[in-house]
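J.: this one's structure only:
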């Protein structure tokens, strides 16, 4: 539905500028709309996005013709529009510059020095970073995870509070492990669900307790997105936590690219702009894939951790086995020692992680 809203918003913007009727569209009007998005709009849109919007408008015309029983022609299926999009693919397709993964030393420094954990924004950002890294989840999936929980007084629990998760919560902590139910993602459907587990102590980071503390101290809105953005991200965490101390926006925090750059800049104060531009929202996910390959040399481990599809080039035997949850937990928990063993981390970096744990 989001892409439908964006497509209609773009068409409405075009119609306002040119004084045109938004829908239904004629063949020539649609052609001019596509050219406007590709060449005239500020900023212009990539060919893939324009093709997606054209598909949305095609669906709209077909649905109207079917439901209303009107002789409504679909301009998106015309030879003119198909030729225009084909030419755009050949001549206007942007070459995406792939973002880099972090090296193991860079990652350790970012995890332990890249976030101000005295603020609500710092707690939020490292938690989001760890979900993208240890999941490893795509940024768009992570920022749309919903959480249902309550916080109750319990003198036996840390800071006198206990978090109770509902059965419907997509994110839970069970037995000192974060459990994430991925409902919407590539390669995820009703017959192929994906559950992600993140244990404590991975590279010196206690993600389960970080999550519980964030819920107790900051109280993001229950029933909403876990990573809703704080209205005042630099607000300090008080020594005594209480409900309603922090205000949150309704939207999910989606600027994962900027989050990564901020953390890198905080960890490496002398980093220049070209270094910051090497990394983006997908860098944490790429980083775990690279590190798993370094310590296991097993392509199937990488595929199962990241939830990637098993391509046609794979042997049929791959469908008969997978990396189990227990095996994944052990791999993550032993990642520090393995990185040290294969020379990806120095003894000093390993000591930093060990002290934090």
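T.: Happy to help now that I have it. This structure is a prediction, so every number in the text was calculated from the model and none was measured.
J.: tell me the helix or strand right after the longest strand belonging to the chain.
T.: Looking across the chain with DSSP state E, the single longest strand is strand 194-202. Remark: after strand 194-202, the chain's next helix or strand is strand 205-206, criterion DSSP states H and E.
J.: that next one: how far from the chain's middle?
T.: 20 Å (C-alpha atoms, centre = their mean, to the nearest Å).
J.: touching it from outside, list them.
T.: 111, 126, 130, 134, 200, 356-357 (C-beta atoms under 8 Å, 6 or more residues apart in numbering). For every residue, glycine as well, the C-beta is placed using N, CA and C.
J.: direction included, what does that strand pair against?
T.: strand 194-202 (antiparallel) (DSSP bridges).
J.: pLDDT on the partner strand, on average?
T.: Average pLDDT, strand 194-202: 93.
J.: swap in stretch 230-237?
T.: Here the average pLDDT along stretch 230-237 is 89.
J.: what of stretch 294-302?
T.: 88.
J.: check stretch 240-259 too.
T.: On average, the pLDDT along stretch 240-259 is 73.
J.: among the contacts of strand 205-206, which are in helices?
T.: Within these, residues falling in helices by DSSP state H are 111, 126, 130, 134, 356.
J.: what's the domain layout of the chain?
T.: Here the domain parsing of the chain from automatic domain parsing is 2-91, 104-356.
J.: got those as TSV, with mean neighbour count and distance to residue 98 columns?
T.: Below are the domains of the chain laid out as TSV (neighbours: other C-beta atoms under 10 Å; distance: least, C-beta to C-beta, whole Å):
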stretch	mean neighbour count	distance to residue 98
domain 2-91	15	15
domain 104-356	17	9
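J.: which of those domains has the lowest mean pLDDT?
T.: domain 2-91 (a mean of 81).
J.: would you map the strands across this structure?
T.: Using DSSP E, strands in the chain cover 146-147, 149-153, 161-165, 171-174, 177-182, 194-202, 205-206, 224-225, 228-230, 248-252.
J.: could you point out which of the ones you listed sits nearest residue 51?
T.: For those, proximity to residue 51 was assessed by C-beta to C-beta; strand 248-252 is nearest, at 25.8 Å.
J.: what's the closest non-adjacent residue to residue 323?
T.: Nearest non-adjacent residue to residue 323, counting by C-beta to C-beta, 6 or more residues apart in numbering: residue 304, 4.1 Å away.
J.: and the one you found, what does it touch?
T.: Neighbouring residues of residue 304 by C-beta under 8 Å, 6+ apart: 322-323, 328.
J.: got it, and residue 291?
T.: 104, 107, 335, 339, 344.
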